[in-house]
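> compute the structure for the input listed below.
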Amino acid sequence: MLTSSTSRFRRFSLVIAAAALLAACDSGNAVDPPSPADVAGVYSVAAFRFQPAAQALAPADVLSSLDPSVTSVEILDSGDVVFRYRLDGGLTRVVLGEVEVRSAQVRLTFTGQTDAGRLAALLPSSLTLDRVEGVLVASTTFRANLAAYDAEQYAGFTDVPGTLTIRLAPQTSS
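Next comes the predicted model:
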C-alpha cells in the first residue's frame, strides 16, 4: 500500500510531465522546423500603406509611388532578403536583410547599412508578416520617418506613430 506522501509525489510527477509535454506541443517548434527555403522566391508588393495615427496627416500610399517594373522582394533560401524598389522619379534602391521563418510567420530584419533606403520606403528595421495561403501580410504599428519618404508633403515629420499595412504576393513565372 502506498503512503499518502508517495501517492502525492507520483501525482505531482505526472502533473509536471504532462505540463512539460503540453509546453513542448505549444512551443510552435515543429520536428522539422520551417526554413527560408519554405518561403524562398520573388514577391510582388500588392499592398503598402502607412496610416499616421494623427488624423491631420494624410496616409502615405507607398504602393502607388512604387514602380512595379522594378519593385520586388526576394527571399533567398540562404536566409537573406533583398527588397528592390524605385519610387516615382527616383533611383532604384536595394534594402538588404535577413529572414527568419516560423510555421505561421516570416520575420524580415533589415541591416544597418541600408537604413537610408529602408527609411525612404517607410520600412521598419524589423517586420513580422503572417503566412496566409502563400501570401505574406502584416499590419503593424511603428514610428515612421515620413520626411524621408516624401520631403515635400511631410516636411519635418520624422517620428510619426502609425500603422503600416503591407502584403507580398508570390510572383508567378510567365
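
> give the other helices and strands that the strand or helix carrying D115 contacts.
According to DSSP states H and E, D115 maps onto helix 115-120. Here helix 115-120 touches strand 92-101, helix 146-149, going by 3 or more C-beta pairs under 8 Å, 6 or more residues apart in numbering; DSSP states H and E. The way it works is simple: take the backbone N, C-alpha and C, and place the C-beta from them, glycine included.

> go through it and flag the buried ones.
G117, R118, L119, A120 (16 or more other C-beta atoms under 10 Å).

> including pLDDT, could these go into CSV?
Shown next, in CSV, are the buried residues of helix 115-120 (pLDDT from 0 to 100):
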residue, pLDDT
G117, 90
R118, 91
L119, 91
A120, 92
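
> closest to G162 among those residues?
L119 (14.3 Å; C-beta to C-beta).

> next up, the contacts around that closest one.
For L119, the contact set (C-beta atoms under 8 Å, 6 or more residues apart in numbering) comprises N145, A148, Y149.

> could you list the low-pLDDT ranges of the protein?
Applying pLDDT under 70 to the chain flags residues 1-31, 173-174.

> coming back round to it: using JSON lines, please lay out the contacts of L119 together with distance to E74.
Shown next, in JSON lines, are the contacts of L119 (distance: C-beta to C-beta, whole Å):
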{"residue": "N145", "distance to E74": "25"}
{"residue": "A148", "distance to E74": "23"}
{"residue": "Y149", "distance to E74": "22"}
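
> D88 is in contact with T71, correct?
No. T71 lies out of contact with D88 (C-beta atoms under 8 Å); the separation is 11.3 Å.
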